[in-house]
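Engineer: Mind folding the following:
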Amino acid sequence: MGTTQLESVPEPKYWHLKTVLSEALDSEFSVGEILPNERELAARFGVARATLRQALEQLELEGRLQRRRGVGTTVAPPRMGVAVGTRQHAWPGAADDAWQPADSAQSAPPAAVAAALESGAGEPVHIVRRSRMSHGQLVATELLYIPAASVPDLTAIDAPSGPARARAVLRELQRLDLEGQDRAVELGSARADDAKDLDRLPGSPVLVVTTRFFAEGRTAALSVATYRADTCRLTFGDSPDVEIHHDPEQRAS
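Structural biologist: Here you go, the predicted model:
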């Protein structure tokens, strides 16, 4: 990464520096590599540290960099595409599902979820927790709400907790004939629990994807997935699943 003086650049210095740094990330660094410290970078590019911080912050917003507590600033993996097409018709846990089950418990869901499931106020439902990894890093968590009516034979299964219980719930859910699904995506802020799981600060931007699964003329399950906004991007069309994009040109879309 050579020295580049920016005194005569007409655009804001930090913006031009961001472009120079982005090109260096593509040609000189690999995913997960730790960048030199701010003092070294500022000296190499002949800019004030305040200017450098602005450029680094912009690259972080674009998903090119990640600031990890106790590690430093690292090169981010390619952004994960969150597909919002509607062609997919498969239950969670089906073949090629990239989500990993973590646990399952019974508890009363939030009021909005209970209303969507048409369950009674305070009525317990099965809540399956799952996670999604990319390049060895946790990038999304999911809470899957399943009313007891969708898995009526579950009580006969000897799997009290943990991933085994979660997989058992998903297997029972797949006995239903899936009639369709819909999906909504919105920008949200990470709650304390989500932030801890995703290694982000509370209030950090996240993408919240809510999916309803229909069977027997009703909502048979509802998924609320929370994605790190700095590592994910929306893709539109009929793509059937969340895909990993490795083209560097698409990382900052």
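
Engineer: now the helices for the protein?
Structural biologist: 13-28, 38-45, 49-61, 111-117, 162-173, 192-198 (DSSP state H).

Engineer: give me the low-pLDDT residue ranges for the stretch 1-150 of the chain?
Structural biologist: Residues of the stretch 1-150 of the chain meeting the criterion pLDDT under 70: 1-10, 80-88.

Engineer: per-domain residue ranges of the chain.
Structural biologist: Taking the TED database as the reference, the chain has its domains at 13-75, 80-235.

Engineer: I'd like the ones you listed as TSV, with mean neighbour count appended.
Structural biologist: The C-beta positions use only the backbone N, C-alpha and C, and glycine is treated the same way. Formatted as TSV, those follow (neighbours: other C-beta atoms under 10 Å):
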stretch	mean neighbour count
domain 13-75	16
domain 80-235	17
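
Engineer: okay, the helices of the chain in TSV with distance to Leu222 next?
Structural biologist: Converted to TSV, these look like this (distance: least, C-beta to C-beta, whole Å):
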stretch	distance to Leu222
helix 13-28	39
helix 38-45	44
helix 49-61	30
helix 111-117	5
helix 162-173	12
helix 192-198	17
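
Engineer: can you tell me which of these comes nearest to Pro77?
Structural biologist: With C-beta to C-beta, the closest approach to Pro77 among the helices of the chain belongs to helix 13-28: 11.9 Å.

Engineer: what packs against that closest one?
Structural biologist: Here helix 13-28 touches helix 49-61, going by 3 or more C-beta pairs under 8 Å, 6 or more residues apart in numbering; DSSP states H and E.

Engineer: Just the pLDDT at the spatially closest residue to Arg183 that is not a sequence neighbour, thanks.
Structural biologist: Leaving aside its sequence neighbours, Arg183 sits nearest to Thr211 (C-beta to C-beta, 6 or more residues apart in numbering; 4.7 Å). For Thr211, the pLDDT comes out at 93.

Engineer: Would you confirm that Thr211 contacts Ser223?
Structural biologist: Yes: in this structure, Thr211 is within contact of Ser223 by C-beta atoms under 8 Å, at 4.4 Å.

Engineer: Enumerate every residue touching Arg171.
Structural biologist: Counting by C-beta atoms under 8 Å, 6 or more residues apart in numbering, Arg171 touches Gly93.

Engineer: With Gly70 as the reference, name the closest of the helices of the chain.
Structural biologist: Among the helices of the chain, helix 192-198 comes nearest to Gly70, with 14.4 Å by C-beta to C-beta.

Engineer: Alpha carbons of that closest one, in CSV - could you do that?
Structural biologist: Provided in CSV are the C-alpha atoms of helix 192-198 (Å, rounded to 0.1, in the frame of the first residue of the first chain):
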residue,chain,number,x,y,z
ALA,A,192,-29.2,-6.2,23.9
ASP,A,193,-29.5,-10.0,23.4
ASP,A,194,-29.1,-9.7,19.6
ALA,A,195,-26.2,-7.3,19.9
LYS,A,196,-24.4,-9.7,22.2
ASP,A,197,-24.9,-12.7,20.0
LEU,A,198,-23.9,-10.8,16.8
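
Engineer: residues making contact with it?
Structural biologist: The contact list for helix 192-198, computed with C-beta under 8 Å, 6+ apart, reads 131, 138-141, 190, 200-204, 206, 226, 228.

Engineer: quick one: which of the helices of the chain is nearest Arg233?
Structural biologist: helix 49-61 (12.1 Å).

Engineer: I'd like to know which elements that closest one is packed against.
Structural biologist: Contacts defined by 3+ C-beta pairs under 8 Å, 6+ apart place helix 49-61 against helix 13-28, helix 38-45, strand 65-68.

Engineer: Format the contacts of helix 192-198 as CSV; extra columns: distance to Ala149.
Structural biologist: Shown next, in CSV, are the contacts of helix 192-198 (distance: C-beta to C-beta, whole Å):
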residue, distance to Ala149
Ser131, 26
Leu138, 32
Val139, 32
Ala140, 28
Thr141, 25
Ala190, 32
Arg200, 36
Leu201, 39
Pro202, 35
Gly203, 37
Ser204, 36
Val206, 31
Thr226, 26
Arg228, 34
